[in-house]
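In: the sequence isn't on hand, but the structure is:
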C-alpha cells in the first residue's frame with residue numbers, strides 16, 4: 001500500500017492558524033539538516049511537495065499536507081539551527097511544545113535523525129521529553145545511503161540502547177530519502193497506525 005494523493009494545504013505560524021476539525025495528524029520533527037523535506041517527498045512520491053533547500057532552517061511554520069484526503073502530514077520547523085534570533089528560537093520552541101502537548105488530533109510524532117552521527121544532546125533531550133510526556137513517536141534514521149551497512153547496523157543498535165536507557169520502547173526505522181523503496185516498511189507502519197482513526 002502506498003500513499004496515493006498528497007497536497008499542500010497551508011503553513012501555520014502558530015496553533016491558531018492550524019486547520020480545525022478532527023482529521024488525524026502525523027508530524028515530522030528533527031534537526032534542521034536531517035532531510036525532513038526530502039523524506040516527505042520520497043514518502044509521498046512527490047518530488048516537489050515539500051520545499052527542499054541547501055540552507056537549513058527554511059521551515060518556519062507548521063506546514064500541512066493532506067494525505068489521501070484522510071490525514072494530515074505536518075512538517076515542523078527544524079530545531080537546533082543557530083542562525084536565527086534567540087527570540088525566534090524561543091517562539092518556535094514555545095509553539096512547538098504547545099502543538100505537541102495540546103493538539104488533540106496529533107496521533108504520532110516521527111523523529112528524523114541523521115544516521116551518520118550519534119544523536120545530539122538536543123535530539124536526546126527531545127526524545128526523552130516525548131517519552132516523559134507520553135507522546136507517541138517513532139524514529140527514522142535517515143541518510144543510510146551515505147554509510148556502510150555495517151555502520152548503519154551499529155547506529156541502529158546504539159539507538160536501541162539509547163532509548164532503552166530512557167525506558168522508552170518505540171519503532172526505529174532506517175531509511176534513505178534518495179531510495180524511496182527503503183521507506184516501504186515505515187510507510188506500512190504509518191498507514192496501519194493511522195488507519196483506525198480514519
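Out: Nice, I can see it. All of these numbers come straight from a predicted model, not from anything done at the bench.

In: next helix or strand past the helix or strand of the chain with the lowest mean pLDDT?
Out: None of the helices or strands of the chain scores lower by mean pLDDT, DSSP states H and E than helix 86-102, at a mean of 78. Remark: after helix 86-102, the chain's next helix or strand is strand 106-114, criterion DSSP states H and E.

In: who does that following strand pair up with?
Out: strand 25-30 (parallel), strand 137-142 (parallel) (DSSP bridges).

In: can you give the distance from the helix or strand following it to the centre of its chain?
Out: Beyond strand 106-114 on the C-terminal side, the first helix or strand identified by DSSP H and E is helix 121-132. Mean C-alpha position of helix 121-132 versus that of the full chain (Cα atoms, centre = their mean, to the nearest Å) differs by 14 Å.

In: list the buried residues for stretch 23-42?
Out: 23-32, 34-42 (16 or more other Cβ atoms under 10 Å). Quick note: C-beta positions are derived from backbone N, CA and C, even for glycine.

In: circling back: figure out which of the strands paired with strand 106-114 is closest to residue 112.
Out: Closest of those to residue 112 is strand 25-30, at 3.6 Å (criterion: Cβ to Cβ).

In: so what touches that closest one?
Out: 36, 39-40, 62, 71-76, 78-79, 96, 99-100, 103, 105-113, 123, 126, 190, 193-194 (Cβ atoms under 8 Å, 6 or more residues apart in numbering).
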